[in-house]
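J.: Sequence first, predicted coordinates after that:
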Amino acid sequence: MIVVVDYGLCNVGSVLNMLKRIGAAAEISSDPARVGQADKLILPGVGAFDNGMANIERLGLLPVLDLKVRVEKTPILGICLGMQLLTRRSEEGDRPGLGWIEADTRRFRLEPSGALRVPHMGWNELKPTRSHPLLEGLGHDARFYFVHSYHAVCDDVNDAIANAHYGYDFAAVIARDNVMGTQFHPEKSHRFGLALLRNFVEAV
C-alpha cells in the first residue's frame, strides 16, 4: 500500500488519481497509524517550508515518518515542497527540515537585471546526471511542470540525479537510498509524470 501523506498543504487528490491510473494500491491519510503501515510513501506539498514542517509536527507525523524512512528504509517520494522538506533547512523559514537528504533549500539567485523571474513556473526538461530506477525509460523529450522559488542544493552532487536549467542548473530530482524527491509536479506533468510515478510504484 502506498500512502499519500496529507498534511494540509497539497491537492493530494490529484496525486492519488495518477496512482489509480497506474493501478497502484494507494490511499490518502494523515493518520500516523496508517502511515506506519505503508509500503511506500509520497509526500506532496505546495506552500511555505515552515508551515509544512509545523503541520507535520502538529499532526503527530514526524516520529512515524522518521521511523519509516530512517529505520525501516521505506521508499519515499517528496514532491515540490515535499522534496524541499527532505532537506535540513530552507532559506524560506526557520524550522529544521526532515534532514533525510544532506542538502539545504535555497532561493533562486538570478541576475536582477535579467529576463528570468522568480518563481520558476512552467514546463522544463530534465538533464539526468546518472541512471536511477525513478528515471527509467523517460526519454529525451520528457518535460515536467515546475512552480517554485526555492530548490535543493545537495552536499554530494551525486544525490542530484537530474537537473533542470533556469538561469543555471539546479537539482530537479534528488535520490539517496530510499529517499527521493522531485522539484516538479509529476501529477501535473501528463504522460511524463505518469511514467515517473509508475517507475516509483513498479521499479523503485
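T.: Looks like it came in fine.
J.: Show me the contact partners of whichever helix in the chain runs longest.
T.: Using DSSP state H, we find that the single longest helix of the chain is helix 190-202. If you take CB atoms under 8 Å, 6 or more residues apart in numbering as the criterion, helix 190-202 is touched by 2, 18-19, 21-22, 24, 40, 42, 75, 77, 133-138, 142-145, 180, 182, 184-187, 189. Any C-beta I mention is one placed from the backbone N, CA and C, and that applies to glycine too.
J.: From these, which land in strands?
T.: 2, 40, 42, 77, 143-145, 180, 182 (DSSP state E).
J.: hang on, the earlier thing: out of the contacts of helix 190-202, which end up buried?
T.: For the contacts of helix 190-202, burial is judged from neighbour counts taken by 16 or more other CB atoms under 10 Å, and it is met by 2, 18-19, 22, 24, 40, 42, 75, 77, 134-135, 138, 142-145, 180, 182, 184-187, 189.
J.: How is the residue in the chain sticking out farthest from the centre classified with respect to secondary structure?
T.: Within the chain, residue 113 marks the point farthest from the mean C-alpha position, 30.5 Å out by CA atoms, centre = their mean. Of the three states, residue 113 takes coil under DSSP: H, G, I helix; E, B strand; the rest coil.
J.: measure it to residue 167 for me?
T.: Residue 113 sits at a distance of 12 Å from residue 167 (criterion: CB to CB, to the nearest Å).
J.: Flag the shaky bits of this structure, pLDDT-wise.
T.: The model of the chain has no residue with pLDDT under 70.
J.: max-length strand in it?
T.: The chain, longest strand under DSSP E: strand 169-176.
J.: which residues are contacting that one?
T.: Contacts for strand 169-176 (CB under 8 Å, 6+ apart): 83, 86, 100-103, 108, 124, 126-128, 132, 134-135, 144, 146, 151-154, 156, 159-164, 180-184.
J.: Separate out the buried members of these.
T.: Of those, these count as buried by 16+ other CB under 10 Å: 83, 86, 100-101, 103, 108, 124, 126, 128, 132, 134-135, 144, 146, 151-152, 154, 159-164, 180-184.
J.: Surely residue 127 is in contact with residue 161?
T.: No. Using CB atoms under 8 Å, residue 127 is not in contact with residue 161, being 10.3 Å away.
J.: So the spatially closest residue to residue 121 that is not a sequence neighbour: helix, strand or coil?
T.: Nearest non-adjacent residue to residue 121, counting by CB to CB, 6 or more residues apart in numbering: residue 147, 4.9 Å away. With three-state DSSP as the basis, residue 147 sits in strand.
J.: ditto for residue 47
T.: From three-state DSSP, the assignment for residue 47 is coil.
J.: Now do the contacts for the residue lying closest to it once chain neighbours are set aside.
T.: Spatially, and ignoring its direct neighbours in sequence, residue 47 is nearest to residue 9 (4.4 Å; CB to CB, 6+ apart). Applying CB under 8 Å, 6+ apart, we find residue 9 in contact with 45-47, 51-52, 55, 81.
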